[in-house]
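Chemist: Following is a predicted model, sequence given first.
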Amino acid sequence: MSQLEIKSEHRPNALRSDCTNCFALCCVALPFAASADFAFHKDGGTPCRNLQSDFRCSIHMELREKGCNGCVSYECFGAGQKVSQTIFKGNDWRTAPETASSMYAVFPLVQQLHEMLYYLSDALSRDALRDIHGDLQAVYEEIEQLTELPVDQIVQLDVPIHRVKVNELLLVASERIRSNAVMLRDPARMPKKKAGKGTDLIGANFRNTDIRGMNFRGALLIGADFRQADLRETDMIGADLRAANLNGADLRGSLFLTQAQLNSATGDKTTKIPLSLLRPAHWTSKK
């Protein structure tokens, strides 16, 4: 096994949320407003009213029922434990209040950097992209090094500039993977609607369609019907899947699909998902 393969093998855990090793930073640092996604208003830097002394959520198992769908669909990509345990060396904002403001400022920036690492990791895991693995690896290491900078340097980062560089590579990766998948589509199951970056497909009907290789990048797919649809090798980066119906859909090989996107959608035991992701508990509950 090459050094590249070893690194790729160990990436997923570091880029997956581990709330047990985080100081509930998403529940404190980030603001949210009362809306369809949140049952109440909370200012940034203010602990959520449901946060307990052990940094756990008192309604974690009832977030959807309690009107906190925004919490269900949020993903820190491992930034929470990185900031809590590595950058601030296990000193939490309660026992070391002098660190609070810096911790709250750093967290959303590291979250964005970890999101980029997650997408780059996805591309690095694909054999079809081996000829650009060197470029992907170089950018991955560059972004990873930014997360190791001192706090005062992290807060000065121009994250959008780094995102542009990452996005250029991800676009190449997406086009390569999707173009191969498109040629395998069943013409009899082709959809009438077309997607594209930022496309409004709220409530769209893709039931029982073959949409392999479609570009859903940044698309609004709220409440869309994907029952029994073939979504293999679709680009899901930034797609809004809140309340989308994925019952019986095939999402294997989907590009840049995240756990948070699955959590915000509905599915069932017949939904096929990538091996790196978990089947959300509410998909199989009897409620």
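Modeler: That came through fine. No experiment lies behind these values; they were computed from the predicted model shown.
Chemist: Low-confidence bits of the protein, can you list those?
Modeler: 1-12, 193-198, 285-287 (pLDDT under 70).
Chemist: element containing Ala181, please.
Modeler: helix 159-182 (DSSP states H and E).
Chemist: And that helix, what does it pack against?
Modeler: Under the contact definition 3 or more CB pairs under 8 Å, 6 or more residues apart in numbering; DSSP states H and E, helix 159-182 sits against helix 100-124, helix 133-146. All C-beta atoms are positioned from the backbone trio N, CA, C, and that covers glycine.
Chemist: Centre of the chain to stretch 158-171, how far?
Modeler: The chain centroid and the centroid of stretch 158-171 are separated by 16 Å under CA atoms, centre = their mean, to the nearest Å.
Chemist: So which bits of that stretch are buried?
Modeler: Val159, His162, Arg163, Val166, Asn167, Leu169, Leu170 (16 or more other CB atoms under 10 Å).
Chemist: Kindly provide the distance from the last one to Glu144.
Modeler: In this case it means Leu170. Taking CB to CB, to the nearest Å as the measure, Leu170 falls 16 Å from Glu144.
Chemist: got a list of what Leu30 touches?
Modeler: Contacts for Leu30 (CB atoms under 8 Å, 6 or more residues apart in numbering) come out as Gly44, Phe107, Pro108.
Chemist: most surrounded residue in those residues?
Modeler: When neighbours are counted by other CB atoms under 10 Å, Phe107 leads these with 26 neighbours.
Chemist: surely that residue meets Leu25?
Modeler: Yes: contact between Phe107 and Leu25 holds when scored by CB atoms under 8 Å: they sit 4.6 Å apart.
Chemist: what residues are shared contacts of these two?
Modeler: By CB under 8 Å, 6+ apart, the residues touching both Phe107 and Leu25 are Cys76, Ala79, Gly80, Val83.
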